[in-house]
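Enquirer: let me see the structure of the following:
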Amino acid sequence: MKAIIVAAGMGRRLGSHTAEIPKCMVDVAGTSILQRQVDALRAAAVDEINVVRGYLGDRITVPGLRFFDNPDFRDNNILASLFFAAPVMAGGFVFSYSDILYDATVTRALVAAAGDYRLIIDRGWHRSYAGRTDHPVSEGELTLVEGGLVKRVGKGLVSPEVTVGEFIGLAYFSAAAAARLLAEHARLRAARGDDAPFGTARTLRKAYLTDMLNHLIDQGAPMTPVFIDGHWREIDTVEDLLRVRQELDF
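Expert: You can find the predicted model right below:
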């Protein structure tokens, strides 16, 4: 099984911690974020791991990975970065943000679940926001689930009062889902261009993965929630990093 980790961003909110290395190489208790992800993925039999790199990409030193370069990382976003790995998307893949920590219970749950589109959703999301001032709930990718399927996901789209949890940035796309993802992105670029508005983004090139997920949901794609309760952490800010270095419990 394959994985694609999008690690092209600059990680500005980590300040000096990303002055000389990309965010995915930041150390947490003696091991980089990326190495921890690789270990968790391999524990779930994900043996081919691809990384889309951009900012200081040549300083990613985790062995055994295949790299794709996004030279336009300063001017695009997660969705555009993902498609630099288009050559390996056929057949299906696990998708991961590069600034999240998760253990093998999470990756195994994702791989074992059913469905063409699977999103890991943390039902205990509120615990990680207690005392978290630099990354408020409004920046969480909260989800709306109805009838056993995800109906909406993303920042500012779902009220905390009705959400069942937060999408952590870890997902699975089957062969059929990957093919549809590729085809729809190509169709959108041809029909609208990269500079047309898309979802919550000003332009398609600046779109998040969740913008595409909602677009596919509106077309009838069934997004399956795979629920977890903790066992992951996001490292978006210096505050997040300092807290996880003190509190990591997996």
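
Enquirer: going forward, measure contacts and count neighbours with C-alpha atoms only.
Expert: Noted.

Enquirer: spell out which helix or strand contains the residue lying farthest from the centre of the chain, please.
Expert: Distance from the C-alpha centroid of the chain peaks at A191, with 26.2 Å (Cα atoms, centre = their mean). Applying DSSP states H and E as the criterion places A191 in helix 175-192.

Enquirer: least confident secondary structure element in this protein?
Expert: helix 125-128 (a mean of 89; mean pLDDT, DSSP states H and E).

Enquirer: which element follows that helix toward the C-terminus?
Expert: Of the helices and strands lying after helix 125-128 in sequence (DSSP H and E), the nearest is strand 141-146.

Enquirer: quick revisit: off-centre distance for the least confident helix or strand of the chain?
Expert: Remark: helix 125-128 is offset 18 Å from the chain centroid, using Cα atoms, centre = their mean, to the nearest Å.

Enquirer: would you mark the buried spots in stretch 177-193?
Expert: Of the residues in stretch 177-193, A177, A178, A179, L181, H185 count as buried by neighbour count, 16 or more other Cα atoms under 10 Å.

Enquirer: verify the contact between the third one and P87 for me.
Expert: No. Under the criterion of Cα atoms under 8 Å, A179 lies out of contact with P87, with a separation of 11.4 Å.

Enquirer: all helices for this structure, in order.
Expert: Taking DSSP state H as the test, the helices found in the chain are 33-42, 78-82, 104-112, 125-128, 175-192, 209-218, 238-247.

Enquirer: run through who's touching the fourth one.
Expert: Put plainly, it is helix 125-128. Outside helix 125-128, the residues that touch it by Cα atoms under 8 Å, 6 or more residues apart in numbering are G165, E166, D229, G230, R233.

Enquirer: quick one: buried ones out of these?
Expert: Buried among the contacts of helix 125-128 (16+ other Cα under 10 Å): G165, E166, G230, R233.

Enquirer: quick one: residues contacting the second one.
Expert: Put plainly, it is E166. Applying Cα under 8 Å, 6+ apart to E166 gives the contacts I121, D122, R123, W125, G140, E141, L142, T143.

Enquirer: with adjacent residues omitted, what lies nearest to D116?
Expert: Closest residue in space to D116, ignoring its immediate chain neighbours: S174 at 4.8 Å, by Cα to Cα, 6 or more residues apart in numbering.

Enquirer: let me know the pLDDT of the one you found.
Expert: Per-residue confidence (pLDDT) for S174: 98.

Enquirer: in the sheet, who's paired with it?
Expert: G92 (DSSP bridges).

Enquirer: what's the separation between it and L119?
Expert: Distance of S174 to L119, computed by Cα to Cα, to the nearest Å: 12 Å.

Enquirer: quick one, which of the two is more surrounded?
Expert: Ranked by neighbour count (other Cα atoms under 10 Å), S174 and L119 place L119 first, with 27 against 19.

Enquirer: for the more buried one, list the residues it contacts.
Expert: L110, F167, G169, L170, A171, Y172, M223, T224, P225, V226.

Enquirer: isn't L144 up against R152?
Expert: Yes. Contact status for L144 versus R152: in contact at 5.1 Å, counting by Cα under 8 Å.

Enquirer: where does pLDDT dip in the protein?
Expert: In the predicted model, the chain carries no residue with pLDDT under 70.
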